[in-house]
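>>> Sequence and predicted structure below; questions after.
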Amino acid sequence: MNNQFVSKETLNSCVYYKIEHPKFAATISEFGGQLLSFTPKDNQNEPQNLLWLSESSPLDGSKPIRGGVPLCWPWFGPAQGDFVGEPQHGYIRSVPWSLINIVESDTSVEMIMQPNLTKELSQSLGLDVQVRYVFADTISIELTTTNTSTEAKPLSQAIHTYFALDNVNDHKVLGLNQIRYLDKLDNAAEVIQDGDVVITEHTDRVYLTAQDKVSLLNGNKNMDILGQGHDSIVVWNPWQENAKNMVDFDDQGYTNMICIEMANTQGLVLQPQQVHKLVQLIKP
Ligand SMILES: O=P(O)(O)OC[C@H]1O[C@@H](O)[C@H](O)[C@@H](O)[C@@H]1O
């Protein structure tokens, strides 16, 4: 590779892109096309990775990577209908990705990647996908889906970001007050959020909102999380017991993370040739 800021590296059978820019550092795993870390360098604050990555997650392609930003596509959660039995959260977090393009500048790095799905699978899905990352003093993640078939196709998906928290006992998600959510831990019962979201136990909720912003208060640091092209915002933390039961989730990891995911869970359908963009923009 002949780029100023991006290099391809291998560490213990994990192939990844290392981005070292004067203004930020980031890593993207080739497996899953998955952003693993992003650290702004702003001279004022101690550099801090904004993303959580489980230390006990294998990074060798043997299973999806637990942390960073998994991309869930073309469904979110368990497979449904014709696809029952296929992997939870779809295919693309479990295959290697190809790098299609890089554009570097003094202020940003843009990378476009595509999952290496077999021709048969792509044809049977009738959908095509690529991701466009733009790193600057913000992170933009844009997942673009095209219906390449001649039939309408259902699509569900998520940008499943694991945000790093200094301490789960000192955080708040702002902007979801009075929003209706489905509680996945109570048979998808509908509940109205009362006040800010503060996680104190196992939490798995699908907020039914296409609003374009929530904020994460992590101690005294505020981060805005903006979205486009979604119909839901998912909030997840497995808490102590479930973290322990997942071999790839550090036992204490639940004290330092929260997933806030821009998602489509409510029956999005793409018409033939229709192009859909799901975007998450993270502004520390
Ligand atoms: O263990 P996985 O497949 O990565 O999923 C993690 C979690 O992802 C969340 O987005 C889902 O709402 C949860 O139900 C799920 O448990």
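Yes, it's here.
>>> Only C-alpha atoms from now on, for both contacts and neighbour counts.
OK.
>>> What residues does Thr27 make contact with?
Tyr16, Tyr17, Lys18, Ile19, Leu35, Leu36, Ser37, Phe38 (Cα atoms under 8 Å, 6 or more residues apart in numbering).
>>> next one: Leu127
Counted by Cα under 8 Å, 6+ apart, Leu127 has contacts Thr145, Thr146, Asn147, Thr148, Ser149, Lys153.
>>> Relative to Pro238, how far out is the closest residue in space to Ile192 that isn't next to it in sequence?
Once flanking residues are discounted, Ile192 sits nearest to Arg180: 4.4 Å by Cα to Cα, 6 or more residues apart in numbering. Arg180 sits 21 Å away from Pro238, taking Cα to Cα, to the nearest Å as the criterion.
>>> Settle it for me: which of those two has more neighbours?
Pro238 (21 against 17; other Cα atoms under 10 Å).
>>> of all the residues in the chain, which ones are close to the ligand?
Gln88, Asp204, Trp236 (Cα under 6 Å from any ligand atom).
>>> Any idea how many residues pack against the second one?
Asp204 has 19 neighbours, counted by other Cα under 10 Å.
>>> Just the contacts of Leu127: which are in strands?
Mapping these onto strands (DSSP state E) picks out Thr145, Thr146, Asn147, Lys153.
>>> where's the second one relative to Leu51, distance?
For Thr146, the distance to Leu51 (Cα to Cα) stands at 28 Å.
>>> quick one, which of those two is more surrounded?
For Thr146 versus Leu51, neighbours defined as other Cα under 10 Å are more numerous around Leu51 (22 against 19).
>>> beta partners of that one?
Beta-bridge pairing for Leu51 (DSSP bridges): Phe163.
>>> ok, now Ile260?
When assigned by DSSP bridges, Ile260 has beta-bridge partners Thr161, Val235.
>>> Spit out the contact partners of it.
Shown in contact with Ile260 (Cα under 8 Å, 6+ apart): His160, Thr161, Tyr162, Phe163, Ile233, Val234, Val235, Trp236.
>>> try 6 Å this time
By Cα atoms under 6 Å, 6 or more residues apart in numbering, the residues touching Ile260 are Thr161, Val234, Val235.
>>> now Glu9
For Glu9, the contacting residues are Val15, Tyr16, by Cα under 6 Å, 6+ apart.
>>> Equivalent analysis for Thr144, please.
Contacts of Thr144 by Cα under 6 Å, 6+ apart are Val129, Gln130, His276, Lys277.
>>> In space, what's closest to it - neighbours in sequence excluded?
Nearest residue to Thr144 in three dimensions, chain neighbours excluded: Lys277, at 4.5 Å (Cα to Cα, 6+ apart).
>>> so how far is Gln228 from the one you found?
Applying Cα to Cα to Lys277 and Gln228 gives a distance of 8 Å.
>>> Please enumerate the helices of the stretch 101-250 of the chain.
Ranges of helices in the stretch 101-250 of the chain, per DSSP state H, counting those that start in this stretch, are 119-125, 239-245.
>>> So which of these is nearest Lys63?
Taking Cα to Cα, helix 239-245 is the member of the helices of the stretch 101-250 of the chain nearest to Lys63, at 16.0 Å.
>>> got the buried residues for that closest one?
Trp239, Gln240, Ala243, Lys244 (16 or more other Cα atoms under 10 Å).
>>> any idea how far that helix is from the chain center?
Chain-centre distance of helix 239-245: 21 Å, with Cα atoms, centre = their mean, to the nearest Å.
>>> contacting residues around that helix?
Glu201, His202, Phe249, Asp251, Tyr254.
>>> Can you turn the buried part of those into a ChimeraX selection?
In ChimeraX, a selection of the buried entries from these looks like this (16+ other Cα under 10 Å):
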select :202,249,251,254
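>>> Pick the one among the contacts of helix 239-245 closest to the ligand.
Phe249 (9.2 Å; Cα to the nearest ligand atom).
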